[in-house]
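Student: my questions are about this predicted structure, shown below with the sequence.
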Amino acid sequence: MRRFLLEDSLGLTIVGCLLLIWLAGQTTTGYHTFNHERQLEHEPPVTFVSYLGTAHFGEAAIENCESEFHQMGTFGVLTVKLRQKGSAESKPLEGSIEQDDDPKDDQTDPDAPSPGRRGGAWLALYRNSRTGAFFALFSASFLLHAWTASREYNLGLASADSAERVTTWSYLTLSRFWFESLQNWQSEVLAFAAIVLLRIYLRQPGSPESKPVQAAHGTTA
């Protein structure tokens with residue numbers, strides 16, 4: 001158990017603690033906000049369990065996931081070819097790195113992942129699997145955002161006694177949907193711009209995400 005905790009402490013802390021804590025906080029505050037809004041509209045409150053099935057909860061949770069997957073997928077693609085002098089997030093300005101090696105050279109390595117040893121189409125899919133997974137998750141969360149947001153939008157129309165309703169697909173054409181998405185996308189782009197550029201000048205001892213403290217600002221990688 002001690003070895004498991006040592007080897008997986010970062011993932012356990014992020015997923016098992018921070019994610020659950022922030023999700024619990026978001027859900028609890030969202031629940032109270034939702035019932036407060038219903039009170040203002042003279043509607044009866046819903047239970048906590050019922051709230052988890054509402055579009056209000058779904059939209060808030062999925063909209064943020066969408067922007068995160070967009071950020072990580074885009075960042076992974078951009079760093080394949082583009083460089084930033086002095087940033088630990090960039091490949092060296094010249095030469096290649098281990099990730100540039102042809103995976104076919106390691107097909108006989110018994111410790112290599114199964115798709116890498118099998119070669120062919122399996123290898124072709126696997127070599128781009130990380131970026132593919134991020135964009136698949138982004139696409140799914142993008143559509144789920146549109147679905148939950150359209151439900152929330154229709155509830156607003158119903159409470160206003162409007163006969164108008166929108167489908168998930170028609171909601172995609174509304175400026176409201178793109179306002180919701182683009183404000184999150186730009187915040188994520190700003191976040192990884194800060195990550196790339198701040199690492200040129202700032203340091204954190206002991207972190208693999210930082211350059212060594214004594215490294216020159218112009219040192220890349």
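Tutor: Structure received.

Student: in contact with residue 197, which residues?
Tutor: 84, 87 (Cβ atoms under 8 Å, 6 or more residues apart in numbering). Using the backbone N, CA and C atoms, a C-beta is placed for each residue, glycine as well.

Student: what's the answer for residue 196, then?
Tutor: 84, 87, 89-90.

Student: separation between it and residue 121?
Tutor: Distance of residue 196 to residue 121, computed by Cβ to Cβ, to the nearest Å: 34 Å.

Student: if we can go back for a sec, filter the contacts of residue 196 to the buried ones?
Tutor: For these, a burial check counting by 16 or more other Cβ atoms under 10 Å picks out 84, 87, 89-90.

Student: list the residues that contact the closest residue to residue 177 other than its chain neighbours.
Tutor: Nearest residue to residue 177 in three dimensions, chain neighbours excluded: residue 171, at 5.5 Å (Cβ to Cβ, 6 or more residues apart in numbering). Going by Cβ under 8 Å, 6+ apart, residue 171 touches 146, 149-150, 153, 177.

Student: on that earlier part again, could you export the contacts of residue 196 as CSV, including secondary structure?
Tutor: Supplementary listing: these in CSV, determined by DSSP: H, G, I helix; E, B strand; the rest coil:
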residue, secondary structure
84, coil
87, coil
89, coil
90, coil
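
Student: was I right about residue 5 contacting residue 12?
Tutor: Yes. Applying Cβ atoms under 8 Å as the test, residue 5 and residue 12 come out as touching, 7.1 Å apart.

Student: now residue 95: which helix or strand?
Tutor: Assigned by DSSP states H and E, residue 95 falls within no helix or strand.

Student: next, it: phi, psi?
Tutor: Backbone geometry at residue 95, expressed as degrees, to the nearest 10, gives phi 80, psi -170.

Student: rewinding a little: could you work out the most separated pair of the contacts of residue 171?
Tutor: Greatest spacing in the contacts of residue 171, by Cβ to Cβ: 146 and 153 (10.1 Å).

Student: out of those two, which sits in the busier spot?
Tutor: residue 146 (24 against 19; other Cβ atoms under 10 Å).

Student: I'd say the more buried one and residue 168 touch.
Tutor: Yes. Under the criterion of Cβ under 8 Å, residue 146 makes contact with residue 168 at 5.1 Å.

Student: tell me which two of the contacts of residue 196 sit farthest apart.
Tutor: Across the contacts of residue 196, no pair lies farther apart than 84 and 89, at 6.8 Å, counting by Cβ to Cβ.

Student: low pLDDT regions in this protein?
Tutor: Of all residues in the chain, those with pLDDT under 70 make up the ranges 100-110, 112, 116-119, 221.

Student: which ones are touching the spatially most central residue of it?
Tutor: Centroid check for the chain by Cα atoms, centre = their mean gives residue 68 as the closest residue, at 2.2 Å. Taking Cβ under 8 Å, 6+ apart, we find residue 68 in contact with residue 188.
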